[in-house]
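Student: sequence-free structure coming up:
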């Protein structure tokens, strides 16, 4: 602002023209800037227009960025791209700007996720040990929502991905295991319902799944009426046992997904099985019903199936952020000891999403925490083999 006129001066203003010109340095006039760096001349010359100087600096900065992109060199860490609040668009990364060393570095998140996924679904991984004879396993818990179906499906998938021949029998009228394995179970499809009533053999209803070595005997809504229809049949508790015994196709594992009850369907599974696999949710209600479940196992063992033994307990829906989950896990481990698998299944969005795509979490996202946990549980389950009975 001009002290004499009280207004802001601009280039060409008469008020500024009256001012005396700036004095030159004693050693002579300033040296002209090189044409290769116009920003130096405009920014460093005395009396230069600041607007023009800023524009020159911006042009120089853009030219430097273009040169860095062309030569694939980064002189300093780039700032994180900002996301527009109006479009909420995800910032994109050009594939040409990613260094090759990044892809080869095993410590990067992408490389670590790829290695984890290959460990689960990779064809070259080491196979799990296979049992000497077929292991008949009932996945059961009278409480609903503890992860029975999820565990039956993902354990079966993990075992099959590691070289085992697995049959998963869906004994729940909801048919959730059939959905997760991508097997058709609409009304009218040959299912385990006809097998229990003696109308079909189990070999006639077995369907292959997208995973090599994994088969499923699906359940339809007709199975909901089987509880009533079985009441009047002879040997109603051992219908499934007879059907499995007639199987000619060899399987390493037969995993039976039971409904959340202790009705005739679950009794059929416990009579047919030699092992009982119990998923336990890391919450108080799951512990409360476990005592009653084990008492019923004693009744089955005393009157219908003396070979039945609780071989495995799996902690599911573990949330390490809560003290309750740690307390439940500690109580179960202290009471049941080695029967509890060392791998606990964490709460995982990927595990919940996978059935919506007709897949197990093993094939849906092998790098996820849920897939890795089930992979470790299946490995331990295969290695330890059948265990002896347990006194609850």
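Tutor: Sure thing, it's come through. Note that this is a predicted model, so its numbers are computed, not measured.

Student: Give me the distance between residue 274 and residue 307.
Tutor: Distance of residue 274 to residue 307, computed by Cβ to Cβ, to the nearest Å: 5 Å. All C-beta atoms are positioned from the backbone trio N, CA, C, and that covers glycine.

Student: Please say which of those two ends up with more neighbours.
Tutor: Higher neighbour count among residue 274 and residue 307: residue 274, with 17 against 12, using other Cβ atoms under 10 Å.

Student: these two touch, right, the more buried one and residue 135?
Tutor: Yes: under the criterion of Cβ atoms under 8 Å, residue 274 makes contact with residue 135 at 7.2 Å.

Student: so where do the helices sit in the stretch 251-392 of the chain?
Tutor: 264-272, 284-303, 323-336, 349-353, 361-364, 369-384 (DSSP state H, counting those that start in this stretch).

Student: Any idea which of those has the lowest pLDDT on average?
Tutor: The minimum mean pLDDT among those belongs to helix 284-303 (a mean of 86).

Student: got the contact list for the residue lying closest to residue 368 once chain neighbours are set aside?
Tutor: Distances taken as Cβ to Cβ, 6 or more residues apart in numbering put residue 350 closest to residue 368, at 3.9 Å, once the chain neighbours are dropped. Residues in contact with residue 350 (Cβ atoms under 8 Å, 6 or more residues apart in numbering) are 361, 364, 365, 368, 369, 370, 371.

Student: got it, and residue 263?
Tutor: Residue 263 touches residue 227, counting by Cβ under 8 Å, 6+ apart.

Student: how far away is it from residue 359?
Tutor: Residue 263 is 30 Å from residue 359, by Cβ to Cβ.

Student: so residue 343 sits right up against residue 376, yeah?
Tutor: Yes: with contact defined as Cβ under 8 Å, residue 343 reaches residue 376; the gap is 4.0 Å.

Student: With distance to residue 197 and neighbour count added, can I get the contacts of residue 350 in JSON lines?
Tutor: Output for the contacts of residue 350, formatted as JSON lines (distance: Cβ to Cβ, whole Å; neighbours: other Cβ atoms under 10 Å):
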{"residue": "361", "distance to residue 197": "33", "neighbour count": "30"}
{"residue": "364", "distance to residue 197": "34", "neighbour count": "21"}
{"residue": "365", "distance to residue 197": "39", "neighbour count": "23"}
{"residue": "368", "distance to residue 197": "40", "neighbour count": "23"}
{"residue": "369", "distance to residue 197": "42", "neighbour count": "17"}
{"residue": "370", "distance to residue 197": "36", "neighbour count": "25"}
{"residue": "371", "distance to residue 197": "37", "neighbour count": "28"}
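
Student: Before I go, just wanted to say thanks for your time.
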